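1. let me see the structure of the following:
(chains A and B)
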2 protein chains.
Amino acid sequence: MVQQQRGQETRLRLLEVAQERFTQQGYDATGVAEICRHAGVSKGAFYHHFPSKQDLFIALLDRWLDNLDEQLAALRAEAPDALAGLEHMTAAIEPVLAEASGQLPLFLEFLEQARHDPVVWEATIAPYRRYRAYFSRLIADGAEEGALRAVDPDLASAMLVSLAVGALLQSLLDPDGADWGQVVRAGVRMLTPDGD
Amino acid sequence: MVQQQRGQETRLRLLEVAQERFTQQGYDATGVAEICRHAGVSKGAFYHHFPSKQDLFIALLDRWLDNLDEQLAALRAEAPDALAGLEHMTAAIEPVLAEASGQLPLFLEFLEQARHDPVVWEATIAPYRRYRAYFSRLIADGAEEGALRAVDPDLASAMLVSLAVGALLQSLLDPDGADWGQVVRAGVRMLTPDGD
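-> You can find the predicted model right below:
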């Protein structure tokens, strides 16, 4: 039990240190040995948790997404209907943007590695596709409940996800350029019949 | 006259070669000497056209944007009203996306350099801000003409630009994931009173 807990702590420390090193100097320039040294962890322990540096990299992405998924699921479960669910999710985008702030380097590292590496590419595009499918169902539910315009759910969802991605990128690049949370919320309001 | 023409050709060749080298191996790893060698141009001629490698880098961005601006202005001039102008612009997004295809490396290079370099940062965010102002006016015109919902023009414009940026990024990453041109067009239709 204690050993298991220690294992979790080691895994977490490796993730934190790797995120810091990747952000500061890039993925390619950061070696496993360096991550181990900064984390105070043996190479054996590293490879116990992660078969490779690439696996650790993808685990970083998964950790961020798992956290986001949990928040979305909780907001949907608490909401009385699909529209309220969507509105709560977009209201929650501010902390997501705030959390992502300063993560432009890591975001760019994922895109850069995705160019070179089919495994990272798969891991990078999968969540975009998953979110598009998720919001498509939610928008279809909202239209059935009469709260949303009778739009094509797949198209409206791709629009909403693109909007969120574009707002996220601009918020990383130009945090003071606009109220990015408000921009995303306006997108959901566009889907409602009286959303102006 | 002939000399001026030759100067333009040299400038163009430097831009083409630099774009190719930056795309293949990154901005930092590409030196002025290498660009000159590949372009068959002397260093004196290089510095005649570009005070620095950074100036050439920003000229690449400006060239792409000038081209886009010309297309937008022509589409607006030909359109009978603001809504038609917006629709023609979004119909024209497919060639823009197609042209950008394969340019993910250069797009990432701009973002990466913008992180480090305040001058590149200014050059990178200025067009986002400019397009937001431009579409805000166009949307305000469309609302005045009664063709668009009475939305907040700044907010609707930020939404539209974010949508286009998110669709562009996803189209670079996952060209077959959706019909990205259609996704952007759907965003404009959302702004119309009967856009569903």
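2. could you tell me the angle between the host helix or strand of residue A:167 and helix B:153-173?
-> In this structure, residue A:167 sits in helix A:153-173 according to DSSP states H and E. Put simply, helix A:153-173 runs at 100 degrees to helix B:153-173, going by axes from the mean of the first three to the mean of the last three Cα atoms, to 10 degrees.
3. in space, what's closest to residue A:41 - neighbours in sequence excluded?
-> residue A:10 (5.7 Å; Cβ to Cβ, 6 or more residues apart in numbering or on different chains). C-beta: built from backbone N, CA, C; applies to glycine.
4. per-residue confidence for that neighbour?
-> Looking at residue A:10, its pLDDT is 95.
5. how near is it to chain B?
-> The gap separating residue A:10 from chain B is 31 Å, by Cβ to the nearest Cβ, to the nearest Å.
6. keeping just the C-alphas, turn the helix or strand hosting that residue into CSV.
-> Taking DSSP H and E as the definition, one finds residue A:10 inside helix A:2-25. The C-alpha trace of helix A:2-25 is given here as CSV (Å, rounded to 0.1, in the frame of the first residue of the first chain):
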residue,chain,number,x,y,z
VAL,A,2,2.7,2.4,1.1
GLN,A,3,4.9,1.2,-1.8
GLN,A,4,2.0,1.8,-4.3
GLN,A,5,1.6,5.3,-2.9
ARG,A,6,5.3,5.9,-3.3
GLY,A,7,5.1,4.7,-6.9
GLN,A,8,2.4,7.2,-7.6
GLU,A,9,4.4,10.0,-6.1
THR,A,10,7.4,9.0,-8.3
ARG,A,11,5.3,8.9,-11.4
LEU,A,12,3.9,12.3,-10.6
ARG,A,13,7.3,13.8,-9.9
LEU,A,14,8.6,12.5,-13.2
LEU,A,15,5.6,14.1,-15.0
GLU,A,16,6.1,17.4,-13.3
VAL,A,17,9.9,17.5,-13.9
ALA,A,18,9.5,16.4,-17.6
GLN,A,19,6.8,19.1,-18.2
GLU,A,20,9.2,21.7,-16.8
ARG,A,21,12.2,20.5,-18.9
PHE,A,22,10.1,20.1,-22.1
THR,A,23,8.7,23.6,-21.6
GLN,A,24,12.1,25.2,-21.0
GLN,A,25,14.3,23.5,-23.5
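7. what's next to that helix, contact-wise?
-> Identification of contacts with helix A:2-25 by Cβ atoms under 8 Å, 6 or more residues apart in numbering or on different chains yields A:30, A:34-36, A:38-41, A:45-46, A:48-50, A:56-57, A:59-60, A:63, A:103, A:105-106, A:109.
8. 10 Å instead, please
-> Residues outside helix A:2-25 that contact it (Cβ atoms under 10 Å, 6 or more residues apart in numbering or on different chains): A:27-32, A:34-42, A:45-46, A:48-50, A:53, A:56-57, A:59-60, A:63-64, A:102-110, A:113.
9. and that helix, what's buried?
-> A:10-11, A:13-15, A:17-19, A:21-23 (16 or more other Cβ atoms under 10 Å in any protein chain shown).
10. need the residues you listed in JSON lines (columns: distance to residue A:87).
-> Output for the buried residues of helix A:2-25, formatted as JSON lines (distance: Cβ to Cβ, whole Å):
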{"residue": "A:10", "distance to residue A:87": "40"}
{"residue": "A:11", "distance to residue A:87": "36"}
{"residue": "A:13", "distance to residue A:87": "38"}
{"residue": "A:14", "distance to residue A:87": "38"}
{"residue": "A:15", "distance to residue A:87": "32"}
{"residue": "A:17", "distance to residue A:87": "38"}
{"residue": "A:18", "distance to residue A:87": "36"}
{"residue": "A:19", "distance to residue A:87": "31"}
{"residue": "A:21", "distance to residue A:87": "39"}
{"residue": "A:22", "distance to residue A:87": "35"}
{"residue": "A:23", "distance to residue A:87": "33"}
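11. from the residues you listed, pick the one nearest chain B.
-> Nearest to chain B among the buried residues of helix A:2-25: residue A:23, at 10.4 Å, using Cβ to the nearest Cβ.
12. any idea how far chain B is from residue A:96?
-> For residue A:96, the distance to chain B - Cβ to the nearest Cβ - is 15 Å.
13. cool, and residue A:139?
-> From residue A:139 to chain B the distance is 12 Å (Cβ to the nearest Cβ).
14. how about that residue: what's its closest non-neighbour residue?
-> residue A:153 (4.4 Å).
15. hmm, that neighbour is touching residue A:86, no?
-> No - between residue A:153 and residue A:86 there is no contact under Cβ atoms under 10 Å: 12.0 Å.
16. overlap of the contact sets of those two?
-> Common neighbours of residue A:153 and residue A:86 (Cβ under 10 Å, 6+ apart) are A:135, A:138-139, A:141-142.
17. run through who's touching the helix-or-strand element of chain A with minimal mean pLDDT.
-> Least confident helix or strand, chain A: helix A:93-100 with a mean of 74, by mean pLDDT, DSSP states H and E. For helix A:93-100, contacts defined as Cβ under 10 Å, 6+ apart pick out A:64, A:67-68, A:71-72, A:89-90, A:106-107, A:164, A:167-172, A:175, A:179-185, A:188.
18. name the residues of it that are buried.
-> Buried residues in helix A:93-100 (16+ other Cβ under 10 Å): A:93-94, A:96-97, A:100.
19. one more: stretch A:22-37?
-> Under 16+ other Cβ under 10 Å, the buried positions of stretch A:22-37 are A:22-23, A:26-27, A:30, A:32, A:35-36.
20. can you add pLDDT and give those residues back as JSON lines?
-> What follows is the buried residues of stretch A:22-37, written out as JSON lines (pLDDT from 0 to 100):
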{"residue": "A:22", "pLDDT": "89"}
{"residue": "A:23", "pLDDT": "85"}
{"residue": "A:26", "pLDDT": "82"}
{"residue": "A:27", "pLDDT": "86"}
{"residue": "A:30", "pLDDT": "93"}
{"residue": "A:32", "pLDDT": "96"}
{"residue": "A:35", "pLDDT": "97"}
{"residue": "A:36", "pLDDT": "97"}
